[in-house]
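Participant: Okay, here's the prediction I keep looking at, along with the sequence it came from:
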Amino acid sequence: MIKKKKIPEASIPTSSMADIAFLLLLFFLVATVIDVDTGIGLTLPEYVEDIETVEVPKDRMAALLINERGDILLDGEQVSVFQIKNNLKKRIVEKIELPKAKKLIVSLKTDRKTFYNTYVQALDQVKLSFFEVRDEYSNANFGRRYIDLKPDQQDEVKEKIPIIISLAEPEVVKK
(Lines give C-alpha, C1' and ligand atoms only; values in the text may rest on other atoms or scores of the structure.)
Protein backbone atom coordinates (compact mmCIF):
# COMPACT_ATOMS: atom_id res chain seq x y z
CA MET A 1 0.00 0.00 0.00
CA ILE A 2 1.08 3.48 -0.83
CA LYS A 3 1.30 5.97 1.96
CA LYS A 4 -0.34 9.33 1.48
CA LYS A 5 1.97 12.21 1.73
CA LYS A 6 0.75 14.96 4.03
CA ILE A 7 0.85 18.42 2.50
CA PRO A 8 1.91 21.04 5.02
CA GLU A 9 -0.65 23.81 5.57
CA ALA A 10 0.21 27.26 4.27
CA SER A 11 0.63 29.91 6.95
CA ILE A 12 1.35 33.60 6.90
CA PRO A 13 4.05 34.76 9.24
CA THR A 14 2.50 37.28 11.67
CA SER A 15 5.50 38.06 13.81
CA SER A 16 6.18 41.39 12.04
CA MET A 17 2.51 42.51 11.83
CA ALA A 18 2.78 44.58 15.00
CA ASP A 19 5.83 46.37 13.61
CA ILE A 20 4.03 47.22 10.37
CA ALA A 21 0.94 48.46 12.22
CA PHE A 22 3.11 50.64 14.47
CA LEU A 23 4.96 52.11 11.48
CA LEU A 24 1.69 52.92 9.70
CA LEU A 25 0.31 54.57 12.83
CA LEU A 26 3.48 56.62 13.23
CA PHE A 27 3.40 57.65 9.56
CA PHE A 28 -0.18 58.93 9.75
CA LEU A 29 0.48 60.79 13.01
CA VAL A 30 3.44 62.60 11.47
CA ALA A 31 1.86 63.23 8.06
CA THR A 32 -1.51 64.53 9.30
CA VAL A 33 -2.03 68.30 9.43
CA ILE A 34 -4.14 69.45 12.36
CA ASP A 35 -6.14 72.64 11.80
CA VAL A 36 -5.72 75.03 14.70
CA ASP A 37 -8.10 77.94 15.22
CA THR A 38 -6.11 81.10 15.73
CA GLY A 39 -8.90 83.19 17.27
CA ILE A 40 -9.69 86.82 16.64
CA GLY A 41 -6.81 89.01 15.50
CA LEU A 42 -6.95 92.03 17.76
CA THR A 43 -4.19 94.48 18.52
CA LEU A 44 -4.33 95.40 22.17
CA PRO A 45 -3.17 98.82 23.35
CA GLU A 46 0.02 99.19 25.33
CA TYR A 47 -0.18 99.15 29.11
CA VAL A 48 -0.40 102.60 30.68
CA GLU A 49 0.10 103.00 34.44
CA ASP A 50 -1.58 106.35 34.99
CA ILE A 51 -4.94 106.06 33.30
CA GLU A 52 -6.61 109.35 32.55
CA THR A 53 -10.40 109.22 32.44
CA VAL A 54 -11.90 111.30 29.65
CA GLU A 55 -15.60 112.02 29.35
CA VAL A 56 -16.83 111.17 25.83
CA PRO A 57 -19.90 113.00 24.48
CA LYS A 58 -22.95 110.81 23.76
CA ASP A 59 -23.12 111.91 20.09
CA ARG A 60 -19.63 110.48 19.57
CA MET A 61 -20.50 107.03 20.98
CA ALA A 62 -22.34 104.15 19.36
CA ALA A 63 -23.24 101.74 22.16
CA LEU A 64 -23.69 98.15 20.99
CA LEU A 65 -25.02 95.82 23.69
CA ILE A 66 -25.55 92.06 23.29
CA ASN A 67 -27.37 90.01 25.92
CA GLU A 68 -27.18 86.28 26.62
CA ARG A 69 -30.04 85.46 24.21
CA GLY A 70 -28.28 87.25 21.33
CA ASP A 71 -30.57 90.31 21.32
CA ILE A 72 -28.66 93.36 20.12
CA LEU A 73 -29.25 96.97 21.12
CA LEU A 74 -27.63 99.76 19.11
CA ASP A 75 -28.03 103.05 20.96
CA GLY A 76 -31.08 101.71 22.78
CA GLU A 77 -32.86 100.36 19.68
CA GLN A 78 -33.12 96.63 19.01
CA VAL A 79 -31.52 95.60 15.72
CA SER A 80 -30.48 92.36 14.07
CA VAL A 81 -26.84 91.47 13.47
CA PHE A 82 -27.10 92.39 9.80
CA GLN A 83 -28.59 95.84 10.48
CA ILE A 84 -25.54 96.92 12.48
CA LYS A 85 -23.45 97.69 9.38
CA ASN A 86 -25.95 99.99 7.69
CA ASN A 87 -26.82 101.85 10.90
CA LEU A 88 -23.16 102.47 11.74
CA LYS A 89 -22.21 103.49 8.19
CA LYS A 90 -24.55 106.49 8.39
CA ARG A 91 -22.99 107.61 11.67
CA ILE A 92 -19.41 107.13 10.41
CA VAL A 93 -20.07 109.14 7.22
CA GLU A 94 -21.47 112.03 9.31
CA LYS A 95 -18.15 112.27 11.19
CA ILE A 96 -15.72 112.08 8.22
CA GLU A 97 -14.92 115.81 7.98
CA LEU A 98 -14.57 116.28 11.75
CA PRO A 99 -11.13 116.22 13.45
CA LYS A 100 -9.88 112.89 14.86
CA ALA A 101 -10.90 113.87 18.40
CA LYS A 102 -14.53 113.97 17.23
CA LYS A 103 -14.68 110.64 15.32
CA LEU A 104 -17.18 107.88 16.13
CA ILE A 105 -16.33 105.37 18.85
CA VAL A 106 -18.17 102.05 18.75
CA SER A 107 -18.50 100.47 22.19
CA LEU A 108 -19.24 96.73 22.08
CA LYS A 109 -20.39 95.23 25.36
CA THR A 110 -21.65 91.70 25.94
CA ASP A 111 -23.06 89.59 28.71
CA ARG A 112 -20.82 86.83 30.09
CA LYS A 113 -23.23 84.20 28.74
CA THR A 114 -23.42 85.69 25.23
CA PHE A 115 -22.69 83.14 22.51
CA TYR A 116 -19.26 83.60 21.03
CA ASN A 117 -20.67 83.30 17.50
CA THR A 118 -23.02 86.27 18.04
CA TYR A 119 -20.16 88.34 19.44
CA VAL A 120 -17.92 87.59 16.45
CA GLN A 121 -20.71 88.32 13.95
CA ALA A 122 -21.41 91.69 15.61
CA LEU A 123 -17.71 92.58 15.67
CA ASP A 124 -17.42 91.61 11.99
CA GLN A 125 -20.37 93.86 11.10
CA VAL A 126 -18.80 96.79 12.98
CA LYS A 127 -15.48 96.35 11.16
CA LEU A 128 -17.26 95.86 7.83
CA SER A 129 -19.08 99.18 8.27
CA PHE A 130 -15.74 101.00 8.70
CA PHE A 131 -14.17 99.12 5.75
CA GLU A 132 -17.08 99.95 3.43
CA VAL A 133 -16.96 103.65 4.36
CA ARG A 134 -13.20 103.62 3.70
CA ASP A 135 -13.80 102.03 0.28
CA GLU A 136 -16.50 104.57 -0.61
CA TYR A 137 -14.29 107.48 0.50
CA SER A 138 -11.34 106.06 -1.49
CA ASN A 139 -13.44 105.66 -4.63
CA ALA A 140 -14.81 109.20 -4.32
CA ASN A 141 -11.42 110.87 -3.70
CA PHE A 142 -8.86 108.64 -5.45
CA GLY A 143 -10.93 106.65 -7.96
CA ARG A 144 -9.79 103.31 -6.46
CA ARG A 145 -10.70 100.91 -3.70
CA TYR A 146 -8.89 101.34 -0.40
CA ILE A 147 -6.80 98.19 -0.84
CA ASP A 148 -5.53 99.41 -4.24
CA LEU A 149 -4.28 102.77 -2.92
CA LYS A 150 -0.64 103.68 -2.34
CA PRO A 151 0.52 103.50 1.29
CA ASP A 152 0.50 107.30 1.75
CA GLN A 153 -3.04 107.49 0.36
CA GLN A 154 -4.12 104.65 2.67
CA ASP A 155 -2.69 106.58 5.62
CA GLU A 156 -4.71 109.63 4.58
CA VAL A 157 -7.90 107.53 4.45
CA LYS A 158 -7.06 105.93 7.83
CA GLU A 159 -6.68 109.39 9.33
CA LYS A 160 -10.05 110.50 7.92
CA ILE A 161 -11.82 107.27 8.92
CA PRO A 162 -10.08 105.68 11.93
CA ILE A 163 -11.46 102.41 13.27
CA ILE A 164 -12.14 103.06 16.94
CA ILE A 165 -13.79 100.11 18.69
CA SER A 166 -14.03 99.85 22.46
CA LEU A 167 -14.49 96.29 23.71
CA ALA A 168 -16.04 96.66 27.14
CA GLU A 169 -15.64 94.09 29.89
CA PRO A 170 -18.65 91.74 30.05
CA GLU A 171 -20.83 92.14 33.09
CA VAL A 172 -21.08 89.48 35.76
CA VAL A 173 -24.26 87.45 35.58
CA LYS A 174 -26.14 87.47 38.89
CA LYS A 175 -27.90 84.27 39.86
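Facilitator: Done, it's in.

Participant: after the host helix or strand of R91 comes which helix or strand?
Facilitator: Assigned by DSSP states H and E, R91 belongs to helix 84-94. Downstream of helix 84-94, the first helix or strand assigned by DSSP H and E is strand 105-110.

Participant: that older thread, and the helix holding R91, how far out from the chain's middle?
Facilitator: 20 Å (Cα atoms, centre = their mean, to the nearest Å).

Participant: Show the secondary-structure elements that it is packed against.
Facilitator: Counting contacts by 3 or more Cβ pairs under 8 Å, 6 or more residues apart in numbering; DSSP states H and E, helix 84-94 is packed against strand 61-66, strand 72-74, helix 116-142. Where C-beta positions appear, they are placed from N, C-alpha and C, glycine not excepted.

Participant: and V36, which of the ones you listed is closest to it?
Facilitator: Checking the helices and strands packed on helix 84-94 against V36 by Cβ to Cβ gives helix 116-142 as the closest, at 16.7 Å.

Participant: tell me which residues of the next helix or strand after the closest one are tucked away?
Facilitator: As assigned by DSSP H and E, the chain's next helix or strand after helix 116-142 is helix 151-160. Buried residues in helix 151-160, counted by 16 or more other Cβ atoms under 10 Å: 154, 156-157, 160.

Participant: ok, the residues you listed vs V106, which is closest?
Facilitator: Comparing the buried residues of helix 151-160 against V106 with Cβ to Cβ places K160 closest, at 16.6 Å.

Participant: For stretch 116-126, list every residue counted as buried.
Facilitator: 118-119, 121-123, 125-126.

Participant: Also stretch 126-144?
Facilitator: By 16+ other Cβ under 10 Å, the buried positions in stretch 126-144 come out as 126, 129-130, 132-138, 142.

Participant: List of residues touching it?
Facilitator: Residues outside stretch 126-144 that contact it (Cβ atoms under 8 Å, 6 or more residues apart in numbering): 64, 84-86, 88-89, 92-93, 96, 106, 108, 145-146, 148-149, 153, 157-158, 160-161, 163, 165.

Participant: No further questions, thank you.
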